[in-house]
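A.B. asks: whatever this is, show me its structure:
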Amino acid sequence: DVCSSDLAAMMVLGVVVSLLGVRRLRRRAWDIHSRRAQEILSQCCREMGVDRRVRLIESDRVSGPCLIGVLRPSIVMPEGLVEDLSDQQLRFVFRHELAHLRRWDLPFNWLLLGVRTIHWFNPLAWYVARRILEDREEICDAIAVDGRSEACRPYGELLLQLAERPGSRAWLDRSAAGCV
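C.D. replies: All right, here's what the predicted structure looks like:
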């Protein structure tokens with residue numbers, strides 16, 4: 001059937017474009033050499049049972065922290081953000097992004113992309129996919145604060161600080177990419 005083969009081609013094209021975008025982002029980003037940030041990331045990895053190497057990189061092409069890469073995960077930070085955040089705020093960011101990694105949210109995003117591609121005409125599919133993405137972000141937020149109610153206010157202040165950064169609108173629209 002021509003229609004289903006066209007949809008499959010569109011889905012494959014979307015995957016290829018996304019993979020090329022991640023590859024370009026990774027190539028144009030640079031490593032963060034801050035000992036403080038690297039130590040906090042290592043500590044968060046140990047606490048959360050992440051035994052894979054997670055690269056910490058910085059880019060002028062993102063406006064908010066995000067996780068990229070399924071096989072070679074990297075946390076991408078906007079240029080200059082690491083220096084602007086306190087240790088506690090870095091812990092929140094790293095725990096949130098590592099929660100996406102532990103929960104395999106990135107591969108699940110590919111599945112949602114497939115569902116939305118196949119059911120592009122169905123508003124219910126788009127609504128359900130959006131709700132799933134929002135719920136996953138809330139779960140990662142809860143993991144970031146480690147279930148401690150006293151951490152909710154500082155975490156909320158961090159989210160507001162990130163939203164006030166230049167280019168934050170693009171960051172708010174990229175929740176499907178695994179961004180904070």
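A.B. asks: longest single helix anywhere in the chain?
C.D. replies: Of all segments of type helix in the chain, defined using DSSP state H, the longest is helix 2-28.
A.B. asks: I'd like the next helix or strand past that helix.
C.D. replies: On the C-terminal side of helix 2-28, the nearest following helix or strand under DSSP states H and E is strand 30-31.
A.B. asks: from H119, how far out is R52?
C.D. replies: R52 is 33 Å from H119, where distance means CB to CB, to the nearest Å. Placement of C-beta: from N, CA and C, glycine included.
A.B. asks: the more surrounded of these two?
C.D. replies: Summary of the neighbour comparison: R52 and H119, criterion other CB atoms under 10 Å, with H119 having more neighbours (15 against 11).
A.B. asks: just give the nearest non-adjacent residue to the more buried one, would you?
C.D. replies: Closest residue to H119 in three dimensions, ignoring its sequence neighbours and counting by CB to CB, 6 or more residues apart in numbering: A125, at 3.7 Å.
A.B. asks: so that neighbour touches V115, yeah?
C.D. replies: Yes. Distance between A125 and V115: 5.9 Å, which falls inside the contact criterion (CB atoms under 8 Å).
A.B. asks: and for the residue nearest to H119, the neighbour number?
C.D. replies: Neighbouring residues of A125 were enumerated by other CB under 10 Å; the total is 16.
A.B. asks: part of a strand, is it?
C.D. replies: No. Under DSSP: H, G, I helix; E, B strand; the rest coil, A125 falls outside any strand and is assigned helix.
A.B. asks: and it, what does it touch?
C.D. replies: Contact analysis of A125 by CB atoms under 8 Å, 6 or more residues apart in numbering lists 115-116, 119.
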